[in-house]
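1. Mind looking at a prediction? Sequence and model below.
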Amino acid sequence: MNKKIIDIKLELLKFLKKNNKNNFNNIKNNTKIFEKNIIDSLGIIDLVFFIENKFKLKLNDKDISLNKLKDINSIEKLIKSKIK
């Protein structure tokens, strides 16, 4: 497995566990972070800021959607598309 993929998922998991709004500890790669109330509407700003700074990329308005940020797998896919 590609080390870069593992690192992205690990960094996202660490961020979500640290910034978890309701102490939901069983976060998996496909856990719906908004449905489980792990991140709220204000948390989206923190998540976008984290992604842009950690992975040195810029997200545009089309990137910031509930579908593209719904879980770790989706966020990783978005990040990989921006890194290329």
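-> All right, it came through fine. Numbers count the residues shown, from 1 in each chain.
2. Tell me, how many residues neighbour K54?
-> Using other CB atoms under 10 Å, K54 has 14 other residues around it. The C-beta positions use only the backbone N, C-alpha and C, and glycine is treated the same way.
3. so where's the protein uncertain?
-> Applying pLDDT under 70 to the chain picks out residues 1-6.
4. From the centroid of it, which residue is nearest?
-> I75 (4.7 Å; CA atoms, centre = their mean).
5. Can I get the lengthiest helix in the chain in PDB, CA atoms only?
-> Among the segments of the chain that qualify as a helix by DSSP state H, the longest is helix 3-18. Provided in PDB are the C-alpha atoms of helix 3-18 (Å, rounded to 0.1, in the frame of the first residue of the first chain):
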ATOM      1  CA  LYS A   3       2.700   5.200   2.200                       C
ATOM      2  CA  LYS A   4       1.400   8.600   1.200                       C
ATOM      3  CA  ILE A   5      -2.200   7.200   1.300                       C
ATOM      4  CA  ILE A   6      -1.600   5.800   4.800                       C
ATOM      5  CA  ASP A   7      -0.100   9.100   6.000                       C
ATOM      6  CA  ILE A   8      -3.100  11.100   4.800                       C
ATOM      7  CA  LYS A   9      -5.600   8.900   6.500                       C
ATOM      8  CA  LEU A  10      -3.600   8.800   9.700                       C
ATOM      9  CA  GLU A  11      -3.300  12.600   9.800                       C
ATOM     10  CA  LEU A  12      -7.000  13.000   9.200                       C
ATOM     11  CA  LEU A  13      -7.800  10.500  11.900                       C
ATOM     12  CA  LYS A  14      -5.600  12.300  14.400                       C
ATOM     13  CA  PHE A  15      -7.200  15.600  13.500                       C
ATOM     14  CA  LEU A  16     -10.800  14.200  13.800                       C
ATOM     15  CA  LYS A  17     -10.100  12.500  17.100                       C
ATOM     16  CA  LYS A  18      -8.500  15.700  18.500                       C
END
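6. Appreciated, that's everything.
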